[in-house]
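In: Here is a sequence together with a model predicted from it:
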Amino acid sequence: MNTDFDIAVIGGGPNGATAAALLARHSGVAPARIALIAPELLPAAGGTVSTPAAPDLRVAAISRASEQLLRNAGAWEHLVQERVCAYERMRVWHESAPHDGPETLVFSAAEIAEPNLGYIVENRVLASAGLTSFRAQGGQVSGERLQSLQVDAGSARLGTSAGEFTARLVIGADGARSQVRELLKLPLRAHDYRQSAIVATIATARPHQHTAWQRFLGTGPLAFLPLFDGSCSIVWSADQRLAEELMALSPAEFALRLDAASDRVLGATQLLSERLAVPLRRATAVTLVGVRVALLGDAAHVIHPLAGQGVNLGFLDAAALCEVLAAGAAEGEDPGAARLLVRYEQERLTHDTLMSWSMSGFNELFARGPGPAGWIAARLLGLAGASAVLRRGFARRALGLAGEVPPLARRAPGTAPATARPTAAVSRATSW
Ligand SMILES: Cc1cc2nc3c(=O)[nH]c(=O)nc-3n(C[C@H](O)[C@H](O)[C@H](O)COP(=O)(O)OP(=O)(O)OC[C@H]3O[C@@H](n4cnc5c(N)ncnc54)[C@H](O)[C@@H]3O)c2cc1C
(Lines give C-alpha, C1' and ligand atoms only; values in the text may rest on other atoms or scores of the structure.)
Protein backbone atom coordinates (compact mmCIF):
# COMPACT_ATOMS: atom_id res chain seq x y z
CA MET A 1 0.00 0.00 0.00
CA ASN A 2 1.20 3.55 -0.75
CA THR A 3 1.60 5.62 2.38
CA ASP A 4 2.54 9.26 2.93
CA PHE A 5 5.50 8.21 5.08
CA ASP A 6 7.39 5.04 5.93
CA ILE A 7 7.96 6.07 9.56
CA ALA A 8 6.16 8.59 11.79
CA VAL A 9 7.90 9.44 15.08
CA ILE A 10 5.49 10.94 17.62
CA GLY A 11 7.07 13.24 20.23
CA GLY A 12 9.93 15.72 19.99
CA GLY A 13 11.43 15.16 23.44
CA PRO A 14 15.07 14.09 23.78
CA ASN A 15 14.27 10.53 22.73
CA GLY A 16 11.88 11.21 19.85
CA ALA A 17 13.99 13.95 18.24
CA THR A 18 17.21 11.94 18.57
CA ALA A 19 15.55 8.76 17.30
CA ALA A 20 14.27 10.63 14.23
CA ALA A 21 17.76 11.95 13.48
CA LEU A 22 19.30 8.51 13.93
CA LEU A 23 16.68 6.83 11.74
CA ALA A 24 17.25 9.40 9.00
CA ARG A 25 20.94 8.43 8.92
CA HIS A 26 21.01 4.74 9.67
CA SER A 27 17.66 2.99 9.17
CA GLY A 28 17.92 2.62 5.41
CA VAL A 29 14.68 4.66 5.05
CA ALA A 30 14.97 7.90 3.05
CA PRO A 31 14.80 10.93 5.41
CA ALA A 32 12.01 12.49 3.33
CA ARG A 33 9.92 9.38 4.12
CA ILE A 34 10.26 9.97 7.89
CA ALA A 35 7.95 12.37 9.76
CA LEU A 36 8.57 13.80 13.24
CA ILE A 37 5.56 15.16 15.13
CA ALA A 38 7.10 17.58 17.63
CA PRO A 39 4.63 20.13 19.02
CA GLU A 40 6.86 21.19 21.94
CA LEU A 41 9.83 22.01 19.75
CA LEU A 42 7.85 23.38 16.89
CA PRO A 43 4.69 25.31 17.70
CA ALA A 44 2.03 24.64 15.05
CA ALA A 45 2.46 28.17 13.72
CA GLY A 46 6.15 27.47 13.05
CA GLY A 47 8.93 29.68 14.39
CA THR A 48 12.31 29.49 16.00
CA VAL A 49 13.55 27.02 18.59
CA SER A 50 14.96 29.39 21.17
CA THR A 51 17.03 28.65 24.24
CA PRO A 52 16.42 31.03 27.15
CA ALA A 53 19.52 32.24 29.00
CA ALA A 54 18.57 30.62 32.32
CA PRO A 55 19.04 26.85 32.51
CA ASP A 56 15.95 24.77 31.86
CA LEU A 57 14.58 22.97 34.92
CA ARG A 58 14.68 19.59 33.18
CA VAL A 59 18.20 18.32 32.64
CA ALA A 60 19.72 14.89 32.05
CA ALA A 61 23.05 13.26 32.80
CA ILE A 62 24.04 11.53 29.59
CA SER A 63 26.48 8.65 29.30
CA ARG A 64 29.30 7.88 26.86
CA ALA A 65 26.98 5.47 25.02
CA SER A 66 24.51 8.34 24.62
CA GLU A 67 27.29 10.62 23.40
CA GLN A 68 28.22 8.01 20.80
CA LEU A 69 24.60 7.66 19.73
CA LEU A 70 24.21 11.45 19.44
CA ARG A 71 27.34 11.50 17.27
CA ASN A 72 25.91 8.76 15.05
CA ALA A 73 22.63 10.69 14.82
CA GLY A 74 24.51 13.80 13.68
CA ALA A 75 23.05 15.60 16.71
CA TRP A 76 26.25 15.94 18.75
CA GLU A 77 27.63 18.62 16.45
CA HIS A 78 24.42 20.62 16.96
CA LEU A 79 24.50 20.56 20.77
CA VAL A 80 25.10 24.11 21.90
CA GLN A 81 28.58 23.89 23.36
CA GLU A 82 28.09 26.54 26.01
CA ARG A 83 25.12 24.66 27.49
CA VAL A 84 26.88 21.33 28.04
CA CYS A 85 28.66 20.59 31.33
CA ALA A 86 31.06 17.63 31.43
CA TYR A 87 31.36 16.09 34.87
CA GLU A 88 34.44 14.27 36.04
CA ARG A 89 33.44 12.83 39.38
CA MET A 90 30.39 11.60 41.22
CA ARG A 91 30.18 11.44 45.02
CA VAL A 92 27.44 9.36 46.66
CA TRP A 93 26.89 9.09 50.40
CA HIS A 94 24.23 8.29 52.96
CA GLU A 95 22.79 10.67 55.50
CA SER A 96 24.13 8.57 58.36
CA ALA A 97 27.73 9.18 57.23
CA PRO A 98 29.66 12.43 56.64
CA HIS A 99 30.05 13.52 53.00
CA ASP A 100 33.85 13.57 53.24
CA GLY A 101 34.25 10.32 55.17
CA PRO A 102 35.44 6.87 54.07
CA GLU A 103 31.87 5.75 53.42
CA THR A 104 31.43 8.07 50.47
CA LEU A 105 31.41 6.24 47.15
CA VAL A 106 33.48 8.25 44.67
CA PHE A 107 33.49 7.58 40.93
CA SER A 108 36.20 9.31 38.98
CA ALA A 109 36.77 9.62 35.23
CA ALA A 110 40.54 9.55 35.77
CA GLU A 111 40.26 6.17 37.45
CA ILE A 112 38.84 4.62 34.28
CA ALA A 113 41.06 6.66 31.92
CA GLU A 114 38.14 8.65 30.50
CA PRO A 115 38.00 12.43 30.04
CA ASN A 116 34.74 12.63 32.00
CA LEU A 117 31.84 10.55 33.34
CA GLY A 118 29.33 12.13 30.96
CA TYR A 119 27.55 15.44 30.50
CA ILE A 120 24.71 17.33 32.12
CA VAL A 121 22.55 18.76 29.34
CA GLU A 122 19.14 20.40 29.37
CA ASN A 123 16.44 18.17 27.86
CA ARG A 124 15.39 20.97 25.54
CA VAL A 125 18.92 21.46 24.23
CA LEU A 126 19.20 17.72 23.56
CA ALA A 127 15.87 17.64 21.72
CA SER A 128 16.74 20.73 19.73
CA ALA A 129 20.02 19.15 18.53
CA GLY A 130 18.13 16.06 17.37
CA LEU A 131 15.57 18.17 15.53
CA THR A 132 18.27 20.24 13.84
CA SER A 133 20.08 17.14 12.60
CA PHE A 134 16.84 15.54 11.42
CA ARG A 135 15.82 18.60 9.44
CA ALA A 136 19.30 19.05 7.98
CA GLN A 137 19.03 15.53 6.58
CA GLY A 138 15.71 16.30 4.91
CA GLY A 139 13.34 14.80 7.50
CA GLN A 140 9.80 16.18 7.67
CA VAL A 141 8.70 17.97 10.86
CA SER A 142 5.23 19.00 12.00
CA GLY A 143 4.26 21.03 15.04
CA GLU A 144 0.77 19.50 15.36
CA ARG A 145 -0.25 17.09 18.15
CA LEU A 146 -1.29 13.55 17.40
CA GLN A 147 -5.03 13.27 18.05
CA SER A 148 -6.10 9.96 16.56
CA LEU A 149 -4.49 6.74 15.43
CA GLN A 150 -5.90 3.72 13.64
CA VAL A 151 -3.79 0.80 12.57
CA ASP A 152 -4.51 -2.15 10.33
CA ALA A 153 -2.44 -4.76 8.57
CA GLY A 154 -1.64 -2.39 5.65
CA SER A 155 -0.85 0.95 7.30
CA ALA A 156 -1.38 3.34 10.21
CA ARG A 157 -3.66 6.36 9.81
CA LEU A 158 -2.68 9.33 12.00
CA GLY A 159 -4.83 12.36 12.69
CA THR A 160 -3.70 15.84 13.77
CA SER A 161 -5.53 19.15 13.79
CA ALA A 162 -3.97 19.79 10.35
CA GLY A 163 -5.47 16.65 8.83
CA GLU A 164 -4.69 12.97 8.34
CA PHE A 165 -1.71 11.12 6.95
CA THR A 166 -0.56 7.52 6.72
CA ALA A 167 2.62 5.70 7.67
CA ARG A 168 3.88 2.14 7.64
CA LEU A 169 5.40 2.35 11.13
CA VAL A 170 4.47 4.61 14.05
CA ILE A 171 7.07 5.16 16.78
CA GLY A 172 5.54 6.31 20.04
CA ALA A 173 8.17 8.52 21.71
CA ASP A 174 5.55 10.74 23.27
CA GLY A 175 6.53 10.43 26.91
CA ALA A 176 5.14 8.97 30.11
CA ARG A 177 1.51 9.71 29.21
CA SER A 178 1.91 8.41 25.67
CA GLN A 179 -1.09 9.08 23.45
CA VAL A 180 0.09 6.38 21.06
CA ARG A 181 0.04 3.83 23.89
CA GLU A 182 -3.31 5.03 25.17
CA LEU A 183 -5.04 5.30 21.79
CA LEU A 184 -4.05 1.71 21.00
CA LYS A 185 -4.78 0.54 24.56
CA LEU A 186 -1.35 -1.04 24.95
CA PRO A 187 -1.18 -2.25 28.57
CA LEU A 188 1.07 -0.68 31.22
CA ARG A 189 2.33 -1.90 34.59
CA ALA A 190 2.63 1.06 36.95
CA HIS A 191 3.75 1.58 40.54
CA ASP A 192 3.38 4.88 42.40
CA TYR A 193 6.50 5.67 44.46
CA ARG A 194 4.46 8.15 46.53
CA GLN A 195 7.37 10.52 46.02
CA SER A 196 7.82 13.66 43.97
CA ALA A 197 11.10 14.94 42.58
CA ILE A 198 11.53 18.66 43.17
CA VAL A 199 13.70 20.16 40.45
CA ALA A 200 15.17 23.68 40.53
CA THR A 201 18.33 25.62 39.72
CA ILE A 202 20.46 26.79 42.64
CA ALA A 203 23.60 28.76 43.34
CA THR A 204 26.04 27.28 45.85
CA ALA A 205 28.64 29.04 48.00
CA ARG A 206 31.40 26.70 46.79
CA PRO A 207 31.94 25.74 43.11
CA HIS A 208 30.46 22.47 41.91
CA GLN A 209 33.90 21.20 40.81
CA HIS A 210 32.41 19.40 37.79
CA THR A 211 31.13 16.81 40.22
CA ALA A 212 27.67 15.23 40.57
CA TRP A 213 26.70 14.92 44.22
CA GLN A 214 24.05 12.57 45.61
CA ARG A 215 23.02 12.11 49.23
CA PHE A 216 20.61 9.34 50.20
CA LEU A 217 18.11 10.49 52.81
CA GLY A 218 15.42 8.48 54.54
CA THR A 219 12.85 10.41 52.51
CA GLY A 220 14.57 9.87 49.12
CA PRO A 221 17.79 10.86 47.32
CA LEU A 222 18.95 14.46 46.79
CA ALA A 223 21.23 15.19 43.82
CA PHE A 224 23.18 18.30 42.81
CA LEU A 225 24.07 18.19 39.12
CA PRO A 226 26.71 20.63 37.82
CA LEU A 227 25.54 23.04 35.11
CA PHE A 228 27.35 24.93 32.36
CA ASP A 229 27.03 28.33 34.06
CA GLY A 230 28.40 27.30 37.46
CA SER A 231 24.99 26.74 39.00
CA CYS A 232 23.56 23.33 39.96
CA SER A 233 20.35 21.59 39.02
CA ILE A 234 18.81 19.81 42.00
CA VAL A 235 16.71 16.67 41.90
CA TRP A 236 15.27 16.23 45.39
CA SER A 237 13.13 13.09 45.52
CA ALA A 238 10.99 13.24 48.64
CA ASP A 239 8.02 11.44 50.11
CA GLN A 240 4.77 13.07 49.04
CA ARG A 241 4.06 14.89 52.31
CA LEU A 242 7.57 16.32 52.58
CA ALA A 243 7.54 17.33 48.90
CA GLU A 244 4.30 19.29 49.43
CA GLU A 245 5.76 20.96 52.51
CA LEU A 246 8.96 21.92 50.66
CA MET A 247 7.04 23.32 47.72
CA ALA A 248 5.03 25.55 50.05
CA LEU A 249 8.11 27.15 51.68
CA SER A 250 9.42 30.58 50.73
CA PRO A 251 12.63 30.53 48.61
CA ALA A 252 14.75 31.47 51.63
CA GLU A 253 13.17 28.80 53.87
CA PHE A 254 13.57 26.24 51.10
CA ALA A 255 17.27 27.07 50.74
CA LEU A 256 17.79 26.54 54.49
CA ARG A 257 16.13 23.12 54.29
CA LEU A 258 18.26 22.31 51.26
CA ASP A 259 21.42 23.30 53.14
CA ALA A 260 20.54 20.83 55.89
CA ALA A 261 19.49 18.06 53.49
CA SER A 262 22.70 18.40 51.44
CA ASP A 263 24.88 18.46 54.58
CA ARG A 264 26.10 21.82 53.20
CA VAL A 265 28.37 19.87 50.90
CA LEU A 266 28.76 22.94 48.66
CA GLY A 267 28.06 25.48 51.40
CA ALA A 268 24.95 27.65 51.59
CA THR A 269 22.53 27.43 48.68
CA GLN A 270 20.29 29.98 47.03
CA LEU A 271 17.29 29.28 44.84
CA LEU A 272 17.71 30.77 41.34
CA SER A 273 14.55 29.45 39.72
CA GLU A 274 11.02 28.39 40.42
CA ARG A 275 10.54 24.85 41.78
CA LEU A 276 8.82 22.11 39.83
CA ALA A 277 7.51 18.96 41.53
CA VAL A 278 7.38 15.89 39.29
CA PRO A 279 5.36 12.95 40.73
CA LEU A 280 7.44 9.78 40.54
CA ARG A 281 6.25 6.39 39.40
CA ARG A 282 7.64 3.29 37.80
CA ALA A 283 5.80 2.33 34.63
CA THR A 284 6.67 -0.38 32.14
CA ALA A 285 4.74 -1.09 28.96
CA VAL A 286 3.84 -4.78 29.02
CA THR A 287 4.70 -4.92 25.33
CA LEU A 288 6.91 -2.48 23.43
CA VAL A 289 5.16 -3.13 20.13
CA GLY A 290 1.71 -3.38 18.56
CA VAL A 291 0.44 -3.66 14.99
CA ARG A 292 2.70 -1.21 13.06
CA VAL A 293 3.72 0.47 16.32
CA ALA A 294 6.86 0.54 18.48
CA LEU A 295 7.27 2.41 21.77
CA LEU A 296 10.51 3.91 23.01
CA GLY A 297 11.76 6.18 25.79
CA ASP A 298 9.35 7.19 28.55
CA ALA A 299 6.42 6.00 26.44
CA ALA A 300 7.81 2.50 27.02
CA HIS A 301 9.25 2.82 30.54
CA VAL A 302 9.41 5.44 33.27
CA ILE A 303 12.05 4.81 35.91
CA HIS A 304 13.13 6.45 39.17
CA PRO A 305 15.51 9.33 38.41
CA LEU A 306 18.02 8.39 41.13
CA ALA A 307 20.65 7.09 38.69
CA GLY A 308 19.75 9.49 35.87
CA GLN A 309 19.18 6.75 33.30
CA GLY A 310 15.82 7.58 31.64
CA VAL A 311 17.06 9.43 28.55
CA ASN A 312 20.02 7.06 28.26
CA LEU A 313 17.68 4.08 28.23
CA GLY A 314 15.51 5.67 25.54
CA PHE A 315 18.59 6.31 23.38
CA LEU A 316 19.48 2.62 23.60
CA ASP A 317 15.92 1.76 22.51
CA ALA A 318 16.35 4.09 19.53
CA ALA A 319 19.67 2.45 18.60
CA ALA A 320 18.23 -1.07 18.82
CA LEU A 321 15.13 -0.15 16.79
CA CYS A 322 17.20 1.62 14.13
CA GLU A 323 19.50 -1.38 13.76
CA VAL A 324 16.56 -3.78 13.38
CA LEU A 325 14.93 -1.51 10.77
CA ALA A 326 18.21 -1.16 8.85
CA ALA A 327 18.57 -4.95 8.69
CA GLY A 328 14.96 -5.15 7.45
CA ALA A 329 15.50 -2.39 4.86
CA ALA A 330 18.54 -4.24 3.49
CA GLU A 331 16.18 -7.11 2.71
CA GLY A 332 13.47 -4.84 1.31
CA GLU A 333 11.26 -5.43 4.35
CA ASP A 334 8.31 -3.18 5.29
CA PRO A 335 9.45 -1.13 8.36
CA GLY A 336 6.16 -1.96 10.10
CA ALA A 337 6.56 -5.71 9.60
CA ALA A 338 5.68 -7.69 12.72
CA ARG A 339 8.85 -9.78 12.34
CA LEU A 340 11.03 -6.68 12.79
CA LEU A 341 9.00 -5.26 15.66
CA VAL A 342 9.15 -8.53 17.57
CA ARG A 343 12.92 -8.55 17.16
CA TYR A 344 13.11 -5.01 18.57
CA GLU A 345 11.01 -6.02 21.55
CA GLN A 346 13.17 -9.07 22.20
CA GLU A 347 16.26 -6.88 22.27
CA ARG A 348 14.90 -4.25 24.64
CA LEU A 349 12.07 -5.47 26.86
CA THR A 350 14.13 -7.50 29.34
CA HIS A 351 16.89 -4.89 29.56
CA ASP A 352 14.42 -2.02 30.07
CA THR A 353 12.43 -3.94 32.67
CA LEU A 354 15.57 -4.94 34.61
CA MET A 355 16.79 -1.35 34.68
CA SER A 356 13.42 -0.15 35.91
CA TRP A 357 13.33 -2.69 38.73
CA SER A 358 16.97 -2.07 39.70
CA MET A 359 16.21 1.62 40.20
CA SER A 360 13.31 0.69 42.47
CA GLY A 361 15.63 -1.69 44.34
CA PHE A 362 18.27 1.02 44.90
CA ASN A 363 15.59 3.41 46.10
CA GLU A 364 14.27 0.82 48.58
CA LEU A 365 17.73 -0.11 49.77
CA PHE A 366 19.24 3.33 50.27
CA ALA A 367 16.26 5.57 51.11
CA ARG A 368 16.64 4.76 54.80
CA GLY A 369 16.79 7.22 57.64
CA PRO A 370 19.21 7.05 60.56
CA GLY A 371 18.96 3.73 62.43
CA PRO A 372 20.07 0.18 61.70
CA ALA A 373 18.84 0.14 58.07
CA GLY A 374 20.51 3.49 57.38
CA TRP A 375 23.70 2.27 59.04
CA ILE A 376 23.73 -0.77 56.73
CA ALA A 377 23.03 1.41 53.67
CA ALA A 378 25.95 3.69 54.54
CA ARG A 379 28.28 0.71 55.09
CA LEU A 380 27.23 -0.80 51.74
CA LEU A 381 28.18 2.42 49.95
CA GLY A 382 31.46 2.45 51.89
CA LEU A 383 32.23 -1.16 50.96
CA ALA A 384 31.52 -0.51 47.27
CA GLY A 385 33.67 2.65 47.45
CA ALA A 386 36.57 0.75 49.00
CA SER A 387 36.85 -1.64 46.06
CA ALA A 388 38.57 -0.21 42.99
CA VAL A 389 37.27 -3.16 40.93
CA LEU A 390 33.67 -2.41 41.87
CA ARG A 391 34.08 1.36 41.42
CA ARG A 392 35.55 0.93 37.95
CA GLY A 393 33.01 -1.73 37.02
CA PHE A 394 30.03 0.45 38.04
CA ALA A 395 31.46 3.51 36.32
CA ARG A 396 32.17 1.67 33.06
CA ARG A 397 28.71 0.12 33.06
CA ALA A 398 26.97 3.45 33.82
CA LEU A 399 28.90 5.05 30.96
CA GLY A 400 27.83 2.28 28.59
CA LEU A 401 31.43 1.12 28.08
CA ALA A 402 30.57 -2.35 29.39
CA GLY A 403 27.52 -4.60 29.23
CA GLU A 404 25.21 -5.09 26.29
CA VAL A 405 25.12 -1.92 24.22
CA PRO A 406 23.68 -1.71 20.67
CA PRO A 407 26.46 -1.05 18.09
CA LEU A 408 25.12 2.44 17.23
CA ALA A 409 25.77 3.48 20.85
CA ARG A 410 29.12 1.72 21.15
CA ARG A 411 32.47 3.42 20.81
CA ALA A 412 34.47 1.75 18.04
CA PRO A 413 37.07 -0.63 19.52
CA GLY A 414 40.48 0.94 19.82
CA THR A 415 39.09 4.48 19.53
CA ALA A 416 40.53 6.95 21.99
CA PRO A 417 38.07 8.47 24.45
CA ALA A 418 36.53 11.53 22.82
CA THR A 419 37.61 14.87 24.19
CA ALA A 420 36.02 17.10 21.56
CA ARG A 421 33.24 19.30 22.78
CA PRO A 422 30.07 19.77 20.75
CA THR A 423 29.87 22.86 18.56
CA ALA A 424 27.33 24.93 16.61
CA ALA A 425 24.10 26.57 17.62
CA VAL A 426 20.37 25.92 17.95
CA SER A 427 18.15 25.37 14.99
CA ARG A 428 15.54 27.26 13.12
CA ALA A 429 12.57 25.22 12.15
CA THR A 430 9.29 25.46 10.30
CA SER A 431 6.34 23.17 9.67
CA TRP A 432 6.30 20.94 6.61
C1 LIG B 1 13.38 14.76 38.07
C2 LIG B 1 13.89 13.93 36.94
C3 LIG B 1 15.25 13.90 36.66
C4 LIG B 1 15.75 13.12 35.62
N5 LIG B 1 17.09 13.07 35.38
C6 LIG B 1 17.56 12.31 34.36
C7 LIG B 1 18.96 12.21 34.08
O8 LIG B 1 19.80 12.79 34.75
N9 LIG B 1 19.37 11.41 33.06
C10 LIG B 1 18.48 10.73 32.29
O11 LIG B 1 18.90 10.01 31.37
N12 LIG B 1 17.15 10.79 32.53
C13 LIG B 1 16.68 11.56 33.55
N14 LIG B 1 15.35 11.63 33.80
C15 LIG B 1 14.42 10.93 32.92
C16 LIG B 1 14.18 11.76 31.67
O17 LIG B 1 13.74 13.06 32.00
C18 LIG B 1 13.14 11.08 30.80
O19 LIG B 1 13.49 9.72 30.65
C20 LIG B 1 13.11 11.76 29.43
O21 LIG B 1 12.62 13.07 29.52
C22 LIG B 1 12.23 10.98 28.49
O23 LIG B 1 12.33 11.55 27.22
P24 LIG B 1 11.22 11.23 26.13
O25 LIG B 1 11.65 11.96 24.91
O26 LIG B 1 11.01 9.76 26.06
O27 LIG B 1 9.88 11.82 26.74
P28 LIG B 1 9.51 13.34 27.05
O29 LIG B 1 10.69 14.11 27.45
O30 LIG B 1 8.35 13.28 27.98
O31 LIG B 1 9.04 13.89 25.65
C32 LIG B 1 7.83 13.44 25.05
C33 LIG B 1 7.41 14.45 24.03
O34 LIG B 1 6.22 13.97 23.38
C35 LIG B 1 5.34 15.05 23.21
N36 LIG B 1 3.96 14.58 23.09
C37 LIG B 1 3.14 14.11 24.05
N38 LIG B 1 1.93 13.81 23.55
C39 LIG B 1 2.00 14.10 22.20
C40 LIG B 1 1.06 14.01 21.14
N41 LIG B 1 -0.20 13.61 21.32
N42 LIG B 1 1.47 14.39 19.89
C43 LIG B 1 2.73 14.79 19.67
N44 LIG B 1 3.65 14.89 20.66
C45 LIG B 1 3.28 14.56 21.91
C46 LIG B 1 5.54 15.89 24.45
O47 LIG B 1 5.10 17.20 24.24
C48 LIG B 1 7.05 15.80 24.64
O49 LIG B 1 7.73 16.81 23.94
C50 LIG B 1 14.83 12.37 34.85
C51 LIG B 1 13.46 12.40 35.12
C52 LIG B 1 13.00 13.16 36.17
C53 LIG B 1 11.53 13.16 36.48
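Out: Perfect, thanks for sending it. Numbering: from 1, shown residues only.

In: ok, longest strand in this structure?
Out: strand 188-204 (DSSP state E).

In: by contact count, what packs against that one?
Out: Applying 3 or more CB pairs under 8 Å, 6 or more residues apart in numbering; DSSP states H and E, we find strand 188-204 packed against strand 220-226, strand 232-239, helix 240-248, strand 269-271, strand 276-285, helix 338-366. Bear in mind the C-beta positions are built from the backbone N, C-alpha and C, glycine included.

In: ok, now with 7 Å
Out: strand 232-239, helix 240-248, strand 269-271, strand 276-285 (3 or more CB pairs under 7 Å, 6 or more residues apart in numbering; DSSP states H and E).

In: any idea which helix or strand comes after it?
Out: Downstream of strand 188-204, the first helix or strand assigned by DSSP states H and E is strand 211-217.

In: what about whatever residue of the stretch 1-150 of the chain ends up closest to the ligand, neighbour count?
Out: When distances are taken as CB to the nearest ligand atom, the stretch 1-150 of the chain reaches nearest to the ligand at Gly13, 2.1 Å away. Neighbour count for Gly13, taken as other CB atoms under 10 Å: 26.

In: got a list of what it touches?
Out: Neighbouring residues of Gly13 by CB atoms under 7 Å, 6 or more residues apart in numbering: 123, 127, 173, 175, 297.

In: Also Trp375?
Out: So, once contact is read as CB under 7 Å, 6+ apart, Trp375 ends up touching Ser96.

In: separation between it and the ligand?
Out: Using CB to the nearest ligand atom, to the nearest Å, Trp375 is found at 28 Å from the ligand.

In: can I assume that residue sits in a helix?
Out: Yes. Using DSSP: H, G, I helix; E, B strand; the rest coil, the assignment for Trp375 is a helix.

In: Model confidence at it, what's the number?
Out: We have a pLDDT of 77 for Trp375.

In: next one: Gln309
Out: Model confidence at Gln309 (pLDDT) stands at 86.

In: Quick one: name the residues of the stretch 251-400 of the chain near the ligand.
Out: 278, 297-298, 305, 308-312, 314 (CB under 6 Å from any ligand atom).

In: So which of those sit within helices?
Out: 310-312, 314 (DSSP state H).

In: who's in contact with the most centrally placed residue in the chain?
Out: Centroid check for the chain by CA atoms, centre = their mean gives Val311 as the closest residue, at 1.5 Å. For Val311, the contacting residues are 14-15, 60, 62, 66, by CB under 7 Å, 6+ apart.

In: Taking the stretch 301-432 of the chain, what residue is nearest to the ligand?
Out: Closest point on the stretch 301-432 of the chain to the ligand, by CB to the nearest ligand atom, is Gly310, at 2.3 Å.

In: and that residue, how many neighbours does it have?
Out: Gly310, neighbours per other CB under 10 Å, totals 24.

In: Same question for Arg181.
Out: By other CB under 10 Å, neighbour count at Arg181 equals 24.

In: Could you confirm it falls within a strand?
Out: No. Arg181 sits outside any strand when classified using three-state DSSP, being helix.

In: Who are the contact partners of the closest residue to Gly118 other than its chain neighbours?
Out: Spatially, and ignoring its direct neighbours in sequence, Gly118 is nearest to Ser63 (5.0 Å; CB to CB, 6 or more residues apart in numbering). Ser63 makes contact with 118, 312, 398-400, according to CB under 7 Å, 6+ apart.

In: what comes into contact with the helix or strand hosting Ala129?
Out: Secondary structure assigned from DSSP H and E places Ala129 in helix 123-136. Contacts of helix 123-136 with the rest of the structure, by CB under 7 Å, 6+ apart, involve 12-14, 17-18, 20-21, 24, 36, 38, 41, 49, 51, 56, 58-60, 73-75, 78-80, 83, 141, 426-427, 429.

In: and these, which of them are in helices?
Out: 14, 17-18, 20-21, 24.

In: Buried only: go through the residues you listed for me.
Out: 14, 17-18, 20-21, 24 (16 or more other CB atoms under 10 Å).

In: The closest residue to the ligand within the stretch 101-250 of the chain: neighbour count?
Out: At 2.7 Å from the ligand, Gly175 is the closest residue in the stretch 101-250 of the chain, using CB to the nearest ligand atom. Residues near Gly175, counting by other CB under 10 Å, number 20.

In: Apart from its chain neighbours, what residue comes closest to it?
Out: In space, Gly175 is closest to Asp298, 4.8 Å off (CB to CB, 6+ apart).

In: burial count for the closest residue to Leu408 other than its chain neighbours?
Out: Distance criterion CB to CB, 6+ apart; nearest residue to Leu408, sequence neighbours excluded, is Ala319 at 4.0 Å. Ala319: 29 surrounding residues under other CB under 10 Å.

In: from memory Ala319 sits against Arg410, does it?
Out: No. If you go by CB atoms under 7 Å, Ala319 and Arg410 don't touch, sitting 8.7 Å apart.

In: circling back to that earlier point, and the helix holding Ala129, which residues are buried?
Out: Of the residues in helix 123-136, those buried (16+ other CB under 10 Å) are 123-136.

In: likewise stretch 112-124?
Out: Across stretch 112-124, burial judged by 16+ other CB under 10 Å covers 112, 114, 116-124.

In: close to the ligand, is it?
Out: Yes. Part of stretch 112-124 sits near the ligand under the criterion CB under 6 Å from any ligand atom, namely Asn123.
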